[in-house]
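Chemist: mind looking at a prediction? Sequence and model below.
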Amino acid sequence: MTAMPRRTFLAGAAAATAAAAVAPYVHAQKKGGTLKFVPHADLKILDPVWTTAYITRNHGYMIYDMLFAPDASIHMQPQMVDKFTASADKRKWSFTLRDGLKWHDGQPVTAEDCVLSIKRFAARDAVGQLMAKSLGKLAPVDKKTFVLELETPFGLVLECLGKGSASPCVMMPARVASTDPNEQIKDYTGSGPFKFVKDEWQPGNKVVYVANKDYVPRKETPSGGAGAKLVYVDRVEWRYIPDQATAAAALEAGEVDFWENPPVDFVPRLEKNAGLTVFATDPKGNLGTIRPNSLHPPFNNKKARQALLYMTSQQDYLQAVIGNPKYGKPCPSIFICGGPFETAAGAPKQDLEKAKQLLKESGYDGKPIVILDPTDSPFAHAPALVTAENLKKIGANVDIQAMDWSTMVARRAKKEPPAQGGWNIFHTWTTAFDIVNPAVNAFINSSGEKAWFGWPSSETMEKLRTEWVREPDQAKQKKLAEQIQLLAYDEVPHVSWGQFIAPSAFRKNVKGVLEFGATILWNIQV
Amino acid sequence: MLPLIIQRIVATIPVMGVVALTVFALLHLTPGDPAEIIAGDYATPQDVAKIRAALGLDKPLLTQAGIWMSHVLRGDLGTSIYSGLPVTTLIAQRIGPTVALTVLALVISVALAVPLGVWAAWRQGSWIDRAIMVFSVSGFSMPVFWLGFLLVWVFSIRLGALPVQGYQPLADGPWQFLRHLILPAATLSLIYMALIARMTRASMLSVLGEDYVRTAFAKGLSPRSVLLGHALKAASLPVVTIIGVGFALLIGGAVVTESVFALPGIGRLTVDAIVRRDYPVIQGVILIISGVYVLLNLFIDILYVFLDPRIRY
């Protein structure tokens, strides 16, 4: 097995970045043209608050704006907000909007619009719901200012308002934001740098955006989702091409400009093409996960989950799933390597003998361990095969059940025992944004039946997470995050199988692509 | 003839009803839950339950079937669970590329396969016959997606002569329209061509052995006149039948071809809907395709009367 040292991974990412030769802020401005972009999925749902689908999040970034936004280092920066103040105990906040903000219909953005947008977001989003629990008052003061007051401490106000990934806290006009959070919006008026052209939307084929000529960008240099959102192109067309070989051929033939997520096995071919650039827009990438079901034997026993942890070598998984060491590396941190809460605390090394022993001590009775295997998803199918082999090595019987992703999504929600349609293990992955701290990291939520699929239960974990959420001091937050990781490596609500990058590819005429955890298309020239 | 047409059209109604109910039952028996997919990874069971209720998926299956059927009878195929757009709008957006692709594939197939079949029969046992049959067997055996990629590699990547993917409506100009359809139609027509060529050859061989054909030759008629003017007309019934039956093949092939060439047609709409369990879209599209299939077979039945005046219904 080839070693994949971290240096190689970082060097690969850096090389890809350098090869792109893209200064984040492009001074030699070339205006006009159409950017033809191949997204990673088809845009079917247009409400970024209603669904957590990444494709809808990316659509949200096109047409909506946010009060705050994460920069390239995932630090929150003001975006629609001009000035803001916080009391010493961080319980009373005041926000004032900057001048010139307008909705796509020409009406000015008001504080009331923002208050209603935050309320709708907080009714659906997991972190938003945490903030809502602490919220005392959220109300407009005048046309441009609103206040937010907390009844109980909550250390993530800016992180919540500037939440970068699904679901981002996007601002909508009051008439739209007052839609029931459990219903989809039907009016797509935003205030972001692009306008959505509904008449040209063909689900399964094409989404069209035009530049919002009235958009007033900030003065700061663009960085991640923050800073100036400069629009150089007149029009952006998302062309959904479901077949990867066709997308590659279309990019090589110049029929499209930018392919968001080519599969890693296509990358060597694309890298050889002198007319193309392969670029890691999100250098932090994703973390792959093995998720055991804590409700049923054998993984309702901590020792069996620990056996899963000790049998795992991230390098084996990365070799099977990613293959190219430039785009994958082992990561001991459950909060992703390169993130603000990265730590190696408690991470064990693979030890098959210990894993065997732990499985035996767990009282495992030899019943088949049901692994859900969505064969149409490479990042879930390949790790499922590796896990099955590893389990056999430590003496388990395995029942690997092939299915499509949609079936897996429904099946993993079943709490019944595996023999009655339930399951023991499934595999998934998530972007850095969605695991970067203990509040957003759903894998470590250990609230039992209320937790994410797999339903781990640990009162200590929940206590530590609550403490973390309430802690406003970042140094103390970091210490708490380390304690949480130590506990996670003992309780094992999930096992990481490695960190990987999903690079993008675009033609050389495309300039100004920004690094960020979500694909954003402002600042680009063609 | 008119009473026949009316009688057959009326007979399609129960057929469509059975198709509709079967599709509905099969779909709802298939594992997968659109509410789970929509709700996303971090939704609570309560969120999923709310979405399920909003979509009407929490009602008993028979109630759901009854509601859907009553809407269908009023011409309402429902709305997509995901996009919220009416199914009729989605079908209207997608019907153009599929009709263009299948009609062009049909024209190419019939225009090439019938002469090839006639030629092979006329030269039975010669190298021409064998070459045509080898082509025919290869065409039938070649996977559509593989052939599609092969054509893209040669004509788009290596020669740069034709576009890789996409669709341009006829309104954008006939040349642009055709350029985008040549490769997909060629891909789709090959299997169909092979089928028709083999059937034409077999049918012609049987007719060429008839006494009246020998008489025609004895009268001194030219081979072209005998083959095309006499034998082909008599041999055309099984060929027309296979064209009709093969339409299902064409629709199946269109699903793959549209994916390979990124054509925004009905085939891709169906696949996308199946992957997401967008029940109203799947049900609506299959109902429409079944209707077209039934009507096409009616058309073929009527054509028989013109091709062979001895046929009476």
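Modeler: Received, thanks.
Chemist: how far does stretch A:239-257 sit from its chain's centre?
Modeler: Its chain's C-alpha centre and that of stretch A:239-257 lie 25 Å apart, by C-alpha atoms, centre = their mean, to the nearest Å.
Chemist: and that stretch, what's buried?
Modeler: Neighbour-count burial for stretch A:239-257, counted by 16 or more other C-beta atoms under 10 Å in any protein chain shown, picks out A:239-243, A:245-253, A:255-257. All C-beta spots, glycine's among them, are computed from the backbone N, C-alpha and C.
Chemist: report the contact partners of the residue nearest the centre of chain B.
Modeler: Closest to where the C-alpha atoms of chain B average out (C-alpha atoms, centre = their mean) is residue B:251, at 2.5 Å. Residue B:251 is in contact with B:102, B:267, B:289, B:293, counting by C-beta atoms under 8 Å, 6 or more residues apart in numbering or on different chains.
Chemist: and it, which of the three is it?
Modeler: Assigned by DSSP: H, G, I helix; E, B strand; the rest coil, the conformation of residue B:251 is helix.
Chemist: any idea how far it is from residue B:265?
Modeler: According to C-beta to C-beta, to the nearest Å, residue B:251 and residue B:265 sit 10 Å apart.
Chemist: and for residue B:29?
Modeler: Counting by C-beta to C-beta - residue B:29 and residue B:265 are separated by 27 Å.
Chemist: now do residue B:225
Modeler: From residue B:225 to residue B:265 the distance is 42 Å (C-beta to C-beta).
Chemist: so these two - more neighbours on which side?
Modeler: Between residue B:225 and residue B:265, residue B:265 has the larger neighbour count (other C-beta atoms under 10 Å in any protein chain shown), namely 28 against 14.
Chemist: report pLDDT for the more buried one.
Modeler: With respect to pLDDT, residue B:265 has a value of 92.
Chemist: point out where the chain drops to low pLDDT.
Modeler: You didn't pick a chain, so chain A it is. Low-confidence regions of chain A, defined by pLDDT under 70, span residues A:1-28, A:406.
Chemist: meant chain B, my bad for not saying
Modeler: B:40-43, B:312-313.
Chemist: and the helices in it?
Modeler: Secondary structure of chain B (DSSP state H): helices located at B:2-29, B:34-39, B:45-55, B:61-73, B:87-122, B:127-141, B:144-151, B:174-208, B:211-218, B:223-224, B:232-245, B:247-260, B:266-276, B:279-307.
Chemist: show me what the fourth one is packed up against.
Modeler: Using 3 or more C-beta pairs under 8 Å, 6 or more residues apart in numbering or on different chains; DSSP states H and E, the elements in contact with helix B:61-73 are helix B:2-29, helix B:279-307.
Chemist: okay, those, which one's buried deepest?
Modeler: helix B:279-307 (a mean of 18; mean count of other C-beta atoms under 10 Å in any protein chain shown).
Chemist: could you give the separation of it from the chain centroid?
Modeler: With C-alpha atoms, centre = their mean as the basis, helix B:279-307 stands 10 Å off its chain's centre.
Chemist: if we can go back for a sec, which pair in the contacts of residue B:251 spans the largest distance?
Modeler: Spatial extent of the contacts of residue B:251 (C-beta to C-beta) is set by the pair B:267 and B:293 at 14.2 Å.
Chemist: before we move on, the earlier item: could I get the helices of chain B in TSV, plus columns for distance to residue A:515?
Modeler: Shown next, in TSV, are these (distance: least, C-beta to C-beta, whole Å):
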stretch	distance to residue A:515
helix B:2-29	43
helix B:34-39	30
helix B:45-55	32
helix B:61-73	47
helix B:87-122	36
helix B:127-141	48
helix B:144-151	33
helix B:174-208	35
helix B:211-218	76
helix B:223-224	70
helix B:232-245	56
helix B:247-260	32
helix B:266-276	31
helix B:279-307	37
